[in-house]
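Novice: Let's see this in three dimensions:
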Amino acid sequence: MKKAAIIGSGIGGIASAVRLALKGYDVTVLEANNSFGGKMHQFVLDGFRFDAGPSLFTLPHLVDELFRLAGRTPSDYFTYSRLNPITHYFWPDGSRMKAWADPTRFAEEAEQQLGVPAEAVSQVLARSARLYKGTADTFLHKSLHKASTYFSADVLKALGCLPDLGLATTMHEANAARFTDSRFVQLLDRFATYNGSDPYQAPGTLNLIPHLEHNIGAFYPKGGIYAIARSLVTLAEELGVTFRYNERVERITTKGGKVTGVATARGAYEADVVVSNMDVVPTYRKLLPDQQAPERTLQQPRSSSALIFYWGIRREFPELHVHNIFFSESYKTEFEHIFRHKTISPDPTVYINITSKAEPEDAPPGCENWFVMVNVPHHQGQDWQQLIAVTRETVLKKLSAMLQTEIAPLIACEQVLDPLLIEQQTSSYAGALYGSSSNNRMAAFLRHPNFSAALKGLYFCGGSVHPGGGIPLCLLSAKIVGDLVENETM
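Specialist: Coordinates of the predicted model:
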């Protein structure tokens with residue numbers, strides 16, 4: 001039986017393990033931490049449960065597909081429901097809006113609350129759907145670095161969409177050209193943060209992202225986001241995958257232009273296939289120090305990171321839902337601070353995820369578990385302790401004003417996650433959540449491919465490589481790896 005070694009048990013690594021096991025490989029997953037999940041883990045603090053990392057779940061069929069490939073019924077392992085509304089939006093001028101799951105109702109809400117023509121909103125969502133359907137099979141489901149990708153029927157569909165993809169304009173320019181209301185433009189621009197980018201630099205192509213949330217839907221998995229990883233690990237173990245925790249890979253072993261396995265402090269693991277779910281930068285710098293690294297790719301500008309306050313709140317807020325956004329006064333200023341000045345804006349947009357809205361048992365009675373996040377730059381030598389202290393006070397002041405309630409006295413317990421800790425805990429280079437940013441029109445092609453051109457048998461999955469970060473794209477990276485392995489080694 002052929003053997004596969006997977007470095008890291010983030011969602012991409014787990015999904016790759018499932019796919020390779022189904023192809024007949026004896027799969028071993030090696031994880032430096034004491035459990036699976038990577039950024040997708042959970043913790044409990046004084047009776048409050050928190051998902052520590054990702055909080056939004058879209059394209060659930062990509063998870064279901066793994067169970068069905070294994071001949072299982074997905075709902076036997078985990079279940080989810082569609083959120084409605086998806087997000088509650090708050091603006092500094094007092095405006096509020098609910099993003100309803102139904103696209104028509106969402107458009108009507110935009111007209112009623114912001115004065116944005118419902119027809120124009122519907123047209124934008126329809127355009128986003130058309131372009132996504134025309135391009136996803138080529139640009140997300142396949143390797144962009146294989147010639148075979150460009151000799152398929154799917155490419156013809158993608159080529160037909162190119163004139164409307166917005167490659168020649170920025171995301172913000174495209175949105176501002178369609179809508180005069182700055183609040184709704186800000187709502188659309190925020191989707192750049194889904195891959196850690198700047199809407200004032202990123203190409204208009206990213207305006208496909210709203211389709212995932214507003215046409216297909218946002219979902220809540222029972223048990224929280226962590227339940228996705230837990231259910232897939234259960235499936236992987238049923239398929240014979242071995243998970244080894246607290247075992248950090250120190251080197252990818254090679255011979256004659258081919259991988260031969262991996263080495264840890266405990267010993268060597270022979271493998272015909274090695275899949276790195278580790279960030280591509282430390283993969284080369286630490287695990288392949290003797291190999292020539294693709295410097296142009298590794299030196300691409302990094303994505304943004306996050307500063308997260310996990311707060312147990314001694315009160316319930318009926319005006320809040322699972323996902324909540326409190327916008328800044330000036331989005332442009334906010335992103336200039338992140339990407340140009342490499343610091344945190346004095347007026348950041350604040351995102352609050354409250355899973356106890358969906359599962360009350362995630363917090364004690366009468367309380368809520370707040371995952372409070374602001375977008376921040378990746379680590380470049382900043383004084384994070386000072387930035388954390390200042391930003392905490394800024395966030396408390398902002399939320400207290402917009403919710404007309406003093407928040408600080410309601411905090412029963414607290415934990416903090418910053419870019420330095422993100423890097424330490426997940427090996428994400430400089431704490432960048434999504435590897436490289438998408439702040440130029442060729443970003444998709446400049447991401448590292450899912451395979452090594454220099455070492456046969458070496459593959460890459462996860463948020464730092466093609467097609468990008470976030471749960472759906474990490475799952476798609478595993479799909480691409482599985483297809484590549486099948487085509488190239490079997």
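Novice: For stretch 206-224, give the distance from the opening residue to the closing one.
Specialist: End-to-end distance for stretch 206-224, by Cα to Cα, to the nearest Å: 27 Å.
Novice: next one: stretch 320-336
Specialist: The first-to-last residue distance of stretch 320-336 comes to 29 Å (Cα to Cα).
Novice: Check which residues of that stretch are buried.
Specialist: 320-328, 331, 334-335 (16 or more other Cβ atoms under 10 Å). Glycine gets a C-beta too; all of them are placed from N, C-alpha and C.
Novice: Closest to residue 472 out of those residues?
Specialist: Proximity of these to residue 472, judged by Cβ to Cβ, is greatest for residue 323, which lies at 16.3 Å.
Novice: The closest one against residue 58, yeah?
Specialist: No. At 11.6 Å, residue 323 does not count as touching residue 58 under the criterion of Cβ atoms under 8 Å.
Novice: any shared contact partners between those two?
Specialist: Residues touching both residue 323 and residue 58 (Cβ atoms under 8 Å, 6 or more residues apart in numbering): residue 218.
Novice: which residues of the stretch 351-490 of the chain score low on pLDDT?
Specialist: Within the stretch 351-490 of the chain, the ranges that satisfy pLDDT under 70 run 442-445, 489-490.
Novice: For the helix ranked longest in the chain, list the C-alpha coordinates in CSV.
Specialist: Counting residues, the longest helix in the chain under DSSP state H turns out to be helix 118-139. What follows is helix 118-139 as a C-alpha-only set of coordinates in CSV (Å, rounded to 0.1, in the frame of the first residue of the first chain):
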residue,chain,number,x,y,z
ALA,A,118,-33.8,47.1,-4.5
GLU,A,119,-33.6,46.5,-8.2
ALA,A,120,-29.9,47.6,-8.3
VAL,A,121,-29.1,45.3,-5.4
SER,A,122,-30.8,42.4,-7.1
GLN,A,123,-28.9,43.1,-10.3
VAL,A,124,-25.5,43.0,-8.5
LEU,A,125,-26.3,39.7,-6.8
ALA,A,126,-27.5,38.2,-10.1
ARG,A,127,-24.3,39.4,-11.7
SER,A,128,-22.2,38.0,-8.9
ALA,A,129,-24.0,34.6,-9.3
ARG,A,130,-23.5,34.5,-13.1
LEU,A,131,-19.8,35.3,-12.9
TYR,A,132,-19.1,32.8,-10.1
LYS,A,133,-20.9,30.0,-11.9
GLY,A,134,-18.9,30.8,-15.0
THR,A,135,-15.5,30.9,-13.4
ALA,A,136,-15.4,28.7,-10.3
ASP,A,137,-14.9,25.4,-12.1
THR,A,138,-11.7,26.8,-13.7
PHE,A,139,-10.3,29.1,-11.1
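Novice: Domain ranges for the protein, per the record?
Specialist: Domain ranges of the chain: 3-38+225-299+438-489, 107-205, 304-426, per automatic domain parsing.
Novice: so which of these is the most packed in?
Specialist: Burial of the domains of the chain is given as mean neighbour count (mean count of other Cβ atoms under 10 Å); domain 3-38+225-299+438-489 ranks first at a mean of 21.
Novice: which residue of this structure sits farthest from its center?
Specialist: residue 256 (36.0 Å; Cα atoms, centre = their mean).
Novice: now the helices for the stretch 101-250 of the chain?
Specialist: Ranges of helices within the stretch 101-250 of the chain are 103-114, 118-139, 153-161, 171-178, 182-189, 209-211, 226-238, based on DSSP state H, counting those that start in this stretch.
Novice: closest to residue 348 out of the ones you listed?
Specialist: With Cβ to Cβ, the closest approach to residue 348 among the helices of the stretch 101-250 of the chain belongs to helix 182-189: 13.1 Å.
Novice: Distance from the closest one to the middle of the chain?
Specialist: 21 Å (Cα atoms, centre = their mean, to the nearest Å).
Novice: With the flanking residues excluded, which residue is spatially nearest to residue 90?
Specialist: Spatially, and ignoring its direct neighbours in sequence, residue 90 is nearest to residue 326 (4.7 Å; Cβ to Cβ, 6 or more residues apart in numbering).
Novice: Then residue 352?
Specialist: Spatial nearest neighbour of residue 352, chain neighbours left out: residue 324 (4.4 Å); criterion: Cβ to Cβ, 6+ apart.
Novice: Am I right that that neighbour falls within a helix?
Specialist: No. Residue 324 is assigned strand when assessed by DSSP: H, G, I helix; E, B strand; the rest coil, not a helix.
Novice: Now for the nearest residue to residue 201 once chain neighbours are set aside: which residues touch it?
Specialist: Leaving aside its chain neighbours, residue 201 sits nearest to residue 439 (4.0 Å; criterion: Cβ to Cβ, 6+ apart). Neighbouring residues of residue 439 by Cβ under 8 Å, 6+ apart: 197-198, 201-202, 301, 339.
Novice: any idea how far residue 439 is from residue 335?
Specialist: 10 Å (Cβ to Cβ, to the nearest Å).
Novice: Which neighbours do the two have in common?
Specialist: When contacts are counted by Cβ under 8 Å, 6+ apart, the set common to residue 439 and residue 335 consists of 198, 201.
Novice: Test my guess that residue 251 contacts residue 287.
Specialist: Yes. Between residue 251 and residue 287 a contact is recorded at 5.7 Å, counting by Cβ under 8 Å.
Novice: Now do the shared contacts for those two.
Specialist: Taking Cβ under 8 Å, 6+ apart as the criterion, residue 251 and residue 287 both touch residue 262.
Novice: Residue 292 is in contact with residue 453, isn't it?
Specialist: No. Proximity of residue 292 to residue 453 does not meet the contact threshold set by Cβ under 8 Å, at 10.6 Å.
Novice: Where does residue 433 sit, in terms of helix or strand?
Specialist: Assessed by DSSP states H and E, residue 433 sits outside every helix and strand.
Novice: Against residue 2, how distant is the residue nearest to residue 1 when sequence neighbours are not counted?
Specialist: Leaving aside its chain neighbours, residue 1 sits nearest to residue 26 (4.8 Å; criterion: Cβ to Cβ, 6+ apart). Counting by Cβ to Cβ, the gap from residue 26 to residue 2 is 7 Å.
Novice: Then residue 113?
Specialist: As for residue 113, its distance to residue 2 is 57 Å (criterion: Cβ to Cβ).
Novice: And the helices in the stretch 351-490 of the chain?
Specialist: Going by DSSP H, counting those that start in this stretch, the stretch 351-490 of the chain shows helices at 384-403, 419-426, 443-446, 471-489.
Novice: ok, residue 185 - contacts?
Specialist: By Cβ under 8 Å, 6+ apart, residue 185 lies in contact with 172, 175-176, 179.
Novice: Which one of these is nearest to residue 133?
Specialist: Nearest to residue 133 out of those is residue 175 (Cβ to Cβ; 20.5 Å).
Novice: so the closest one touches residue 207, yeah?
Specialist: Yes. Between residue 175 and residue 207 there is a contact under Cβ under 8 Å: 6.9 Å.
Novice: which residues do these two both contact?
Specialist: In contact with both residue 175 and residue 207: residue 188, using Cβ under 8 Å, 6+ apart.
Novice: okay if I get the contacts of residue 185 as JSON lines plus distance to residue 282?
Specialist: Formatted as JSON lines, these follow (distance: Cβ to Cβ, whole Å):
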{"residue": "172", "distance to residue 282": "33"}
{"residue": "175", "distance to residue 282": "35"}
{"residue": "176", "distance to residue 282": "38"}
{"residue": "179", "distance to residue 282": "41"}
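Novice: quick revisit: in a markdown table: the domains of the chain, plus distance to residue 49.
Specialist: Below are these laid out as a markdown table (distance: least, Cβ to Cβ, whole Å):
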| stretch | distance to residue 49 |
| --- | --- |
| domain 3-38+225-299+438-489 | 9 |
| domain 107-205 | 24 |
| domain 304-426 | 4 |
